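In: next one to model:
(one chain, ligands or ions: 1)
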Amino acid sequence: MTSYAYRIDSRDTIVWCSESWDDFAVANEAPEACGEAILGHSVWRYFEGLETRHLYRMCFNRVRSGLGDIVLPFRCDGPTTIREMKLRISLCRNKLLQNTGTVIRETSHRLPQFLFQQTTRPERIMSICGWCKRVESGGVWFDIDDAARAWEAFNGDSQPAFSHGICPSCRKLVTRELSGSEA
Ligand SMILES: [Zn+2]
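Out: As a prediction, the model looks like this:
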């Protein structure tokens, strides 16, 4: 299984990343995220959404306090790939925190380009879950693919703006993981 990893120090600065990281960045058509470019930067640059950041921070704190690894599912899609992944947050030597992403399943699939572009003129805000990438509309959370199709049908080429949050089922999952209930 493909996996990549990076480590952060006690100030949340990225200090190391695996060689596989670059392959991953290139596969995601995000060469600007290659190892050399991310080293020395705060990890918070790369997480969007206040609540997502808050939950990651709580996960990091928990692992740092020695309560054991945290494993969470998440989605990391590229422009032509749906990627179901697992994130393991663990403590390694020198008290560095290691985040290891492992690809569980990869499906070739072309998602609309606008999902990966920065919006210049947002027409409407869509809420997207930072963990499972589902999109909220009218209180219901849709698969990003269905949401994109519906958006295109109603809005044509205009681009939605995304606000990053967390859906109820992911919140439940993360909260359960944080409360440390043994599986
Ligand atoms: Zn979610």
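In: show me what from this protein comes close to the ion.
Out: For the chain, the contact set with the ion under C-beta under 5 Å from the ion comprises C129, W131, C132, C167, C170. In this view, the C-beta of every residue, glycine as well, is placed from N, C-alpha and C.
In: if we go to 6 Å?
Out: For the chain, the residues in contact with the ion (C-beta under 6 Å from the ion) are C129, W131, C132, R134, I166, C167, S169, C170.
In: ok, so of these, who is nearest D9?
Out: The shortest approach to D9 among the residues of the chain next to the ion belongs to W131, at 24.4 Å (C-beta to C-beta).
In: thought T52 was touching the closest one, still the case?
Out: Yes - the pair W131 / T52 is scored as a contact, 7.2 Å apart, by C-beta atoms under 8 Å.
In: hmm, back to that, what subset of the residues of the chain next to the ion is buried?
Out: Buried by 16 or more other C-beta atoms under 10 Å: C129, W131, C132, R134, I166, C167, C170, out of the residues of the chain next to the ion.
In: of all those, which comes closest to R75?
Out: C132 (5.4 Å).
In: same for the lowest-mean-pLDDT helix or strand in the chain, what does it pack against?
Out: None of the helices or strands of the chain scores lower by mean pLDDT, DSSP states H and E than helix 144-155, at a mean of 75. Helix 144-155 makes packing contacts with strand 125-129, strand 135-137 when contacts are defined by 3 or more C-beta pairs under 8 Å, 6 or more residues apart in numbering; DSSP states H and E.
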